[in-house]
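1. Pasting the sequence and the predicted model now:
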Amino acid sequence: MVGSLAVGVSGTVGSVRGRIGAALVPIGLFVVTGTVGIVGFVVLAGISPVDAAFWLLDPTSIELHFQHHSGPEQVTKGFALVVFSGLIASGLWIGESVLDTVFGGQFREELRRVQTEQTIEGLSGHVVICGYGMFGRTVAQRLRRRGEDVVVVESDSTVVEAASDEPLVIEGDARREDVLERAGVSRARAVVAAIDDSNVTIQIAIVTSQLAPDAALVVRVGDETYESVARRAGADTVVIPEVVSGSDVVDGL
C-alpha cells in the first residue's frame, strides 16, 4: 500500500516537473526574443535601452520616432515585425504551457474524452469489454486483430493511462448504467465482463441484461460455484480462466 502510494506520488511529481520544464522553454524564448528586440532597436535607431524596451510595449512609438529622426525606418519596421511576431507566438505558447501545468493536462484529457465518446456514439455491433487486466486485454487484442470494434471500460485510471493500444477506453465502474451507456452497450453485439472479481462480474451481468438484452454476454468467474449464479444473471457464456487454461494444457499434450 505504502509502496504503491510512493510510486503514485513519485509519478505525479515527475509529471509536474516535466510540465514545468516544458513551460520554461517558451518563457526562455520570450525573454530571448525581447532581448534581441531591445538590442536591435538600440543598434538600428540609436536609442537608449529604456526607449527600446518601451518600443516593445508601444509599437506606435516607432512611427513617432521616425517622424522626428532620420534613420533606417523600413529596416527597423521590418525588424520590429519579426520581433513582435516572435513575442506573440511565444506568449501564446507560454499561456498554453502554463494552463497545462496548472490544470495537469486536464484540457487535453477532456478533449480526448469528448472525441472518444463521439466515436463510440457512431458505433454499432461492437464489443464492450469490462476490465482491462490480462484476460480483458487478451480478448480485446484478439478481437481487434479480427477487425472488430472494441470499447474498453476500466475503473483504474492508471490502467486507463497505460491502455494506449486501445483507442476507445471509457474510465468508470462498469456496474453503473451511465458508464455502460457511454460505452454504447445498447448497440453492442457482445459484452465481456472480464474483471477478476466474480461478484463484480455478476453485477455487471445483471445491469447489462437490463440495458442490452439482445447482446451476447460473456462473464468471467473465479470458480465453478459462481457459474449457475452468472447464468441466472443473464450470462450466455461463463468463462473460468483456470479451467480453460487447464483444458488448453491437456489439449496441447
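-> Done, it's in.
2. okay, CA-based contacts and neighbour counts for the rest of this
-> Fine.
3. Let me see the contact set for residue 211.
-> For residue 211, the contact set (CA atoms under 8 Å, 6 or more residues apart in numbering) comprises 177, 185, 186.
4. go again using 10 Å as the cut-off
-> By CA atoms under 10 Å, 6 or more residues apart in numbering, residue 211 lies in contact with 177, 180, 181, 184, 185, 186, 187, 205.
5. quick one, strands of the stretch 1-150 of the chain?
-> For the stretch 1-150 of the chain, the strands defined by DSSP state E, counting those that start in this stretch occupy 127-130, 150-154.
6. Go through the ones you listed and pick out the most buried.
-> strand 127-130 (a mean of 27; mean count of other CA atoms under 10 Å).
7. State the mean pLDDT of it.
-> Taken as a whole, strand 127-130 carries a mean pLDDT of 95.
8. Which elements pack onto it?
-> Packing contacts for strand 127-130, counted by 3 or more CA pairs under 10 Å, 6 or more residues apart in numbering; DSSP states H and E, involve helix 134-145, strand 150-154, strand 169-171, strand 190-193, strand 216-220.
9. Quick check: residue 220 vs residue 75, distance?
-> According to CA to CA, to the nearest Å, residue 220 and residue 75 sit 74 Å apart.
10. Just the helices from the stretch 1-150 of the chain, written as ranges.
-> Assigned by DSSP state H, counting those that start in this stretch, the stretch 1-150 of the chain shows helices spanning 2-45, 49-57, 60-68, 73-103, 106-121, 134-145.
11. So which of the ones you listed is nearest residue 199?
-> With CA to CA, the closest approach to residue 199 among the helices of the stretch 1-150 of the chain belongs to helix 134-145: 16.5 Å.
12. Kindly provide the whole-number mean pLDDT of that closest one.
-> For helix 134-145, the mean pLDDT works out to 89.
13. likewise stretch 205-218?
-> For stretch 205-218, mean pLDDT is 94.
14. Same question for stretch 110-118.
-> Mean pLDDT, stretch 110-118: 79.
15. correct me, but residue 204 touches residue 180?
-> Yes: applying CA atoms under 10 Å as the test, residue 204 and residue 180 come out as touching, 9.2 Å apart.
16. Between these two, which is the more surrounded one?
-> Neighbour totals were compared for residue 204 and residue 180, and residue 204 leads with 29 against 24 (other CA atoms under 10 Å).
17. Let me know the distance separating the more buried one from residue 143.
-> From residue 204 across to residue 143, the span is 21 Å (CA to CA).
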